[in-house]
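Chemist: The following comprises the amino acid sequence and a computationally predicted model.
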Amino acid sequence: MTILYQMAKALRIEADYFKELFEEGRQAIGMNYYPPCPQPELAIGLNPHSDAGGLTILLQLNEVEGLQIKKNGMWVPVQPIPGAFIINIGNILEIVTNGIYPSIEHRAVVNSVKERLSIATFYSPKIDGNMGPAPSLLTPETPASFKTMSVADYFKGFFSRQPQGKSYLDVLRVQNENESG
Ligand SMILES: O=C(O)CCC(=O)C(=O)O
Ligand SMILES: [Fe+2]
C-alpha cells in the first residue's frame, strides 16, 4: 500500500480512490521453477505478457538470469541482485493511471545448464468493486483511455485469453470519440 500511495501522490490521484480499490485488495503468490534446457534458444520459460494485477513484487531467487523486459521493442535482461525485489507495473495500474504508468511487458527465458527460481506476489484490487481511470486524472484534454468495469469482469476476461503480450489492454481501450460516445 505504501508504494501505491506514493504513486497516487506523485500523480495527484486522490488517495481515497486507491484506498477504496486496493486496501481490501487481494494478494496472490506465484512460484516459478524453470528447469535447465539444453537448447534454450528453442524454448521459452514464460511467454511475453504483462501482469494482470496492480503491482507485482518479484524476487529472483537464485541469481540465474532469465527475466527480460521489453524496452523500445528490444528484450532487455534484468540482472538478479541478491535480496533485491523487482517492482513491476501491471495492467490494472495502467488502467487506473489512465496510461501514465504503463504496464511492463516481460518474459522469462531459460538457461542451458542452470535451473532458475522466482517468486512473484501480485497485488490487485478487491474483486467486488469497479475500476477505471482515476476520476481526478480526467480532463477534457485527457479523457479516459480505458473503460470502467467491474474487477470481476476484468479478471474473467483476462483469464479467458492466452497471455499474449499486452493485447488484453487493447480490448479495454476506449477506441475513439465516436465509439466511446
Ligand atoms: O520468473 C520471472 O522472473 C518472471 C515471472 C513472471 O513474470 C510472473 O510470474 O508473472
Ligand atoms: Fe509476469
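Modeler: That came in fine, so what should we check first? Numbering: from 1, shown residues only. Ligands and ions are numbered 1, 2, ... in the order given.
Chemist: In this protein, what residue spans correspond to helices?
Modeler: 2-11, 15-22, 91-96, 151-159, 167-172, 177-180 (DSSP state H).
Chemist: deepest of the ones you listed, which one?
Modeler: helix 91-96 (a mean of 25; mean count of other C-beta atoms under 10 Å). In short, each C-beta sits where N, CA and C put it, glycine included.
Chemist: Now do the strands in the protein.
Modeler: Under the criterion DSSP state E, the chain contains strands at 26-34, 46-49, 55-60, 67-71, 74-77, 85-89, 106-108, 116-124, 130-131, 149-150.
Chemist: Now tabulate the ones you listed in TSV and tack on distance to ligand 1 and mean pLDDT.
Modeler: As requested, the strands of the chain are exported to TSV (distance: least, C-beta to the nearest ligand atom, whole Å; pLDDT from 0 to 100):
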stretch	distance to ligand 1	mean pLDDT
strand 26-34	4	95
strand 46-49	6	94
strand 55-60	6	96
strand 67-71	4	96
strand 74-77	11	97
strand 85-89	7	96
strand 106-108	4	97
strand 116-124	3	96
strand 130-131	20	94
strand 149-150	22	96
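Chemist: check contacts around the spatially most central residue of the chain.
Modeler: With distances taken as C-alpha atoms, centre = their mean, Gly90 lies nearest the centre of the chain, 1.5 Å away. Applying C-beta atoms under 8 Å, 6 or more residues apart in numbering, we find Gly90 in contact with 50-56, 103, 122, 124.
Chemist: Excluding chain neighbours, what is closest to Lys126?
Modeler: Glu24 (4.4 Å; C-beta to C-beta, 6 or more residues apart in numbering).
Chemist: okay, the one you found: pLDDT?
Modeler: What the model reports as pLDDT for Glu24 is 90.
Chemist: So it sits against Tyr123, correct?
Modeler: No. At 11.8 Å, Glu24 does not count as touching Tyr123 under the criterion of C-beta atoms under 8 Å.
Chemist: between these two, who's got more neighbours?
Modeler: Tyr123 (21 against 12; other C-beta atoms under 10 Å).
Chemist: Test my guess that Arg26 contacts Thr121.
Modeler: No. Look at Arg26 against Thr121 with C-beta under 8 Å: they stay out of range, at 10.7 Å.
Chemist: I'd like the helices of the chain as JSON lines, with distance to Asn130 appended.
Modeler: Listed next are the helices of the chain as JSON lines, based on distance: least, C-beta to C-beta, whole Å:
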{"stretch": "helix 2-11", "distance to Asn130": "17"}
{"stretch": "helix 15-22", "distance to Asn130": "9"}
{"stretch": "helix 91-96", "distance to Asn130": "11"}
{"stretch": "helix 151-159", "distance to Asn130": "7"}
{"stretch": "helix 167-172", "distance to Asn130": "13"}
{"stretch": "helix 177-180", "distance to Asn130": "17"}
